[in-house]
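**Student:** Please find the sequence and the predicted model below.
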Amino acid sequence: MQRRIKRSGKTFIGGYKMSLEYVNKNKLKAWKTKFYNAVKELKKTLPYKFNYYLVESSSRNLILAEKDGKFDMDYQLHFNYDDNINCEHLKKELFDLFQRYFKKEDNWNCDDSTSAITIKKIKNDTKKDFIFNYDVVIWALCNLSRPIIL
C-alpha cells in the first residue's frame, strides 16, 4: 500500500505529486442513491438473496477524484448459498440486468471485465471519456465451502 499525504489540496502518492482531491460527501450521496436504486431493481428481479457493500475507500467516504473530476466507487455483491444459483450464469445475468437498468438513461456504458462489472457514466458517446464509474465484484457461495469471485 502506498503512502498518501495531503498537502494544500494536492495529494502525494509514493512521493509523486498527483492532482487528486477528496470527493464531497454530498456529491457521493447522489451516486450512492443511484446504485441503491439499481440494487433494489435487482432484488425484485432475481430469486436469490444477496447483500451489497461499499468496499475500500468508498466504504469510508475517502474517494479521490482526478484533476478532471473522474472517480469511481467499488461495490461487492455477496450471494448467499442457494441450490438454485447457477454460478456459471450468475455474472452474465447480473451484467444483463445492470445493463438494462442503466441503459434507461443516456450515456451509461457497462463493461464485463475479468473480475468485475464496470458501469460508467460517460460524457459523450466515447467510452474513454467517462465522468464516473462503479466497479462491482460478485462473491457467491456456490458449493458451501468458500466464496468465489465471478
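**Tutor:** Perfect, I can see it now.
**Student:** Now do the longest helix seen in the chain: which elements does it pack against?
**Tutor:** Determined from DSSP state H, the single longest helix within the chain is helix 25-45. Where contact means 3 or more Cβ pairs under 8 Å, 6 or more residues apart in numbering; DSSP states H and E, helix 25-45 is packed against strand 50-54, strand 71-79, helix 87-102, strand 130-140. Using the backbone N, CA and C atoms, a C-beta is placed for each residue, glycine as well.
**Student:** With distance to Asp111 added, can I get these in TSV?
**Tutor:** Converted to TSV, these look like this (distance: least, Cβ to Cβ, whole Å):
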stretch	distance to Asp111
strand 50-54	19
strand 71-79	12
helix 87-102	9
strand 130-140	9
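**Student:** Just put the ones you listed in TSV and tack on mean neighbour count and distance to Asn109.
**Tutor:** Formatted as TSV, the helices and strands packed on helix 25-45 follow (neighbours: other Cβ atoms under 10 Å; distance: least, Cβ to Cβ, whole Å):
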stretch	mean neighbour count	distance to Asn109
strand 50-54	16	21
strand 71-79	20	13
helix 87-102	16	8
strand 130-140	19	8
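**Student:** who wins for proximity to Ile119 among these?
**Tutor:** For Ile119, the closest of those is strand 130-140, at 4.4 Å, according to Cβ to Cβ.
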